[in-house]
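Student: here's a sequence, model it:
(2 chains)
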Amino acid sequence: MKQLTDDRMKVFFEKLSKYIGSNIKLLIDRSDGKYCFREKKDRVYYVSEKVLNMGSMMNPDNIISIGTCFGKFTKSGKFRIHITSLDYLAPYAQHKMWIKPAAEQQFLYGHNVLKSGLGRITESTTQYQGVLVFSMSDVPLGFGVAAKNTTECKHTDPLSVVCFNQADIGEFIRCEDDLI
Amino acid sequence: MEDITAVLNKKAALDVSAQQSVSVTKVLDPEIDLGTLLCFDSNDFDTPQLRSDQEKYLTYETRNNVQLLINKLFELPMKNEDGYMYVDLPEPRYNLPREKPLPTPKPLTKWQKFAIEKGIKKTPKPKATWDDILQKWIPTYGYKKAAADKEKDWILEVPGNAADPNIDLFAQKREAKKERVAKNEYQRLRNIAASRKIKVPAVGLPPLEGTLHSNQLKTAVDVAKISTASVGKFQPKISKEVVSIKKNIPGLKKNKIPAKSMKDEKSSSLQILESINNKKPKFNLEKAANKAIHAEEVERHREKKEGSDKKKGGRSRSKGSFKRPTANTGKRLGKQKGGRKRR
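Tutor: The predicted model follows:
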């Protein structure tokens, strides 16, 4: 369990801010207790102080996971977000995309969202903006990147890609071994 | 007659003594290794005899032991060839100890290692090859080969794709050869260094020619910076310098950053967050343009709606007269020209 170095913290926050913007502050500065980010084996965990103190009793070699895994640093130093962080990020999402029930399954199988499957989209979403994908009944489904901005989305043909899949809750089953 | 008996007796006595000298009895059988013709006698010395006449006693003992060895030899199957008798010695059982340790195998060169890994086998080159131009056998190396090369290359063809036809091809060839020799020498020295585990500096010796990668330059700066007597302690800082000197230098131990307290960690992470947010442009042109387009669209949509409402306003229809559309029962108008634009 390490504290993140400043460089890594920066990379991590830059990635998070793509999805929740300046709302990261709300993750760190919480009224219901102290929370922090910890790194282990290149993975970043979101841990409450209480859990952290309990974890400190154990041999760090024996700890596999602590708190909630937000993602991992790749070998080239980039940060890759994991689906496990969805529950923490979904309430703070600044740009959202709702997808129709018919397209939900395709998205959950790891495919991109087509225009035909797009139900609603936040206004003023720019191209390549990180978005959170919701079902029409407001159930968070995953992360994506907007392939087109909002106005373009309205005018494209129904078979063009609107959102690139980055992570979806189907990964809980598909990538069971990789997720911690 | 007496003479004969005397001779016979003498002979018998001699035989007995000879028999005695052949058959040797010892308390402990000496260890005999025929392969190396070795005999170990582990019996104790007879101390009084040894003290009285050491030389005679030792010779006697030695003779006996040699006799035993010879006896063993005669037990082996005899072979006869061209009137000579001989035996084949068995495999030696006793390992003679070495004075010096076993020689260590020669360390493999980088190429040899690579060749083994890839399964490349050395193909033996012939000592000499027939040269069609000179009409004679030319050795693979040596002064005769050099002489032949000189004789052969009195003229060189300028390649068709040559950038500069006036370039001295002979000088180029000489230069290339020099380079090859230098490279080989460098590799030889590197192999020696690797075998003796001498560290060859990986950095600090950037290539003299050509452009350097920015990372290489950074490393060179960092190395230069700490290459002072005080390990760079009093070195002035360049403005906007990234203070990560130790990160860039390979082989240098990294200091562990002391853990921050929860409070410090929070403040530092908030600081980082702020710096990220400050970096983002306050005014996003694309976003603003999209917003404007959207507002325009909404406006247009509303106007359209209002306009159509006004039109519809003229045709008043009571609520009761509203008919639901009936599927498959209505009249078809046939194909209309133009029609609605479909999206």
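Student: please enumerate the helices of the stretch 1-150 of chain B.
Tutor: B:2-22, B:47-52, B:54-75, B:110-118, B:143-152 (DSSP state H, counting those that start in this stretch).
Student: quick check: buried residues in the helix or strand just after the last one?
Tutor: Towards the C-terminus, the helix or strand next in line after helix B:143-152, according to DSSP states H and E, is helix B:169-195. Buried residues in helix B:169-195, defined by neighbour count with 16 or more other CB atoms under 10 Å in any protein chain shown: B:191, B:194. Any C-beta I mention is one placed from the backbone N, CA and C, and that applies to glycine too.
Student: what packs against helix B:169-195?
Tutor: In terms of contacts (3 or more CB pairs under 8 Å, 6 or more residues apart in numbering or on different chains; DSSP states H and E), helix B:169-195 is packed against helix B:110-118.
Student: relative to helix B:169-195, how tilted is the helix it packs on?
Tutor: 80 degrees (axes from the mean of the first three to the mean of the last three CA atoms, to 10 degrees).
Student: list of residues touching helix B:110-118?
Tutor: Contact with helix B:110-118 is made by B:108, B:120-122, B:187, B:190-191, B:194, as judged by CB atoms under 8 Å, 6 or more residues apart in numbering or on different chains.
Student: for it, C-alpha coordinates in PDB please.
Tutor: The C-alpha trace of helix B:110-118 is given here as PDB (Å, rounded to 0.1, in the frame of the first residue of the first chain):
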ATOM      1  CA  LYS B 110      27.700 -12.200 -27.200                       C
ATOM      2  CA  TRP B 111      27.600 -13.600 -30.700                       C
ATOM      3  CA  GLN B 112      28.300 -17.200 -29.500                       C
ATOM      4  CA  LYS B 113      25.400 -16.900 -27.000                       C
ATOM      5  CA  PHE B 114      23.200 -15.600 -29.700                       C
ATOM      6  CA  ALA B 115      24.200 -18.300 -32.100                       C
ATOM      7  CA  ILE B 116      23.500 -21.000 -29.500                       C
ATOM      8  CA  GLU B 117      20.100 -19.400 -28.800                       C
ATOM      9  CA  LYS B 118      19.200 -19.300 -32.400                       C
END
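Student: bridge partners for A:Val133, pull those for me.
Tutor: A:Met97, A:Gly142 (DSSP bridges).
Student: residue contacts, it?
Tutor: A:96-99, A:107, A:113, A:140-144, A:163, A:168.
Student: can you classify A:Asn165 by secondary structure?
Tutor: Here A:Asn165 is strand, with the state taken from DSSP: H, G, I helix; E, B strand; the rest coil.
Student: hmm, it is touching A:Asn112, no?
Tutor: Yes: counting by CB atoms under 8 Å, A:Asn165 touches A:Asn112, with 5.2 Å between them.
Student: list the helices and strands the lengthiest helix in chain B packs on?
Tutor: In chain B, with assignment by DSSP state H, the single longest helix is helix B:285-314. Secondary-structure packing of helix B:285-314 (3+ CB pairs under 8 Å, 6+ apart): helix A:150-155.
Student: how about the strands in chain A?
Tutor: A:2-3, A:35-40, A:43-48, A:68-73, A:79-81, A:96-99, A:113-114, A:118-121, A:130-135, A:140-146, A:161-168 (DSSP state E).
Student: which strands or helices does the third one pack on?
Tutor: Under the contact definition 3+ CB pairs under 8 Å, 6+ apart, strand A:43-48 sits against strand A:35-40, strand A:68-73.
Student: can you name the next helix or strand after the helix or strand of chain B with the lowest mean pLDDT?
Tutor: Least confident helix or strand, chain B: helix B:245-248 with a mean of 56, by mean pLDDT, DSSP states H and E. Later in the chain than helix B:245-248, the nearest helix or strand by DSSP H and E is helix B:262-279.
Student: please save the CA atoms from that next one in PDB.
Tutor: What follows is helix B:262-279, C-alpha atoms only, in PDB (Å, rounded to 0.1, in the frame of the first residue of the first chain):
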ATOM      1  CA  MET B 262      -3.600  11.900   5.900                       C
ATOM      2  CA  LYS B 263      -4.100  15.700   6.200                       C
ATOM      3  CA  ASP B 264      -1.000  16.500   4.100                       C
ATOM      4  CA  GLU B 265      -2.000  13.900   1.500                       C
ATOM      5  CA  LYS B 266      -5.400  15.500   1.200                       C
ATOM      6  CA  SER B 267      -4.100  19.000   0.800                       C
ATOM      7  CA  SER B 268      -1.500  17.900  -1.700                       C
ATOM      8  CA  SER B 269      -4.000  16.000  -3.800                       C
ATOM      9  CA  LEU B 270      -6.400  19.000  -3.700                       C
ATOM     10  CA  GLN B 271      -3.500  21.100  -4.900                       C
ATOM     11  CA  ILE B 272      -2.800  18.800  -7.800                       C
ATOM     12  CA  LEU B 273      -6.500  18.800  -8.600                       C
ATOM     13  CA  GLU B 274      -6.500  22.600  -8.700                       C
ATOM     14  CA  SER B 275      -3.500  22.700 -11.000                       C
ATOM     15  CA  ILE B 276      -5.300  20.300 -13.400                       C
ATOM     16  CA  ASN B 277      -8.400  22.400 -13.300                       C
ATOM     17  CA  ASN B 278      -6.500  25.600 -13.900                       C
ATOM     18  CA  LYS B 279      -4.900  24.100 -16.900                       C
END
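Student: and for that helix, what's in contact with it?
Tutor: A:3, A:6, A:9-10, A:13-14, A:17, A:22, A:24-25, A:28-29, A:34, A:36-37, A:49, B:260.
Student: which of these are buried? Put it as a ChimeraX command.
Tutor: Here is the ChimeraX command that selects the buried residues among the contacts of helix B:262-279 (16+ other CB under 10 Å):
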select /A:3,9,10,13,14,17,24,25,28,34,36,37
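Student: what residues does chain A have near chain B?
Tutor: For chain A, the contact set with chain B under CB under 8 Å from any CB of the partner chain comprises A:3, A:5-6, A:9-10, A:13-14, A:17, A:22, A:24-25, A:28-29, A:34, A:36-37, A:49, A:123-124, A:126-127, A:149-151.
Student: the residues you listed in helices, which ones?
Tutor: Short answer: the residues of chain A next to chain B in helices (DSSP H) are A:6, A:9-10, A:13-14, A:17, A:24-25, A:28, A:49, A:150-151.
Student: in CSV, list those residues along with pLDDT.
Tutor: Converted to CSV, these look like this (pLDDT from 0 to 100):
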residue, pLDDT
A:Asp6, 83
A:Met9, 89
A:Lys10, 89
A:Phe13, 90
A:Glu14, 90
A:Ser17, 89
A:Ile24, 86
A:Lys25, 86
A:Ile28, 87
A:Glu49, 88
A:Thr150, 85
A:Thr151, 83
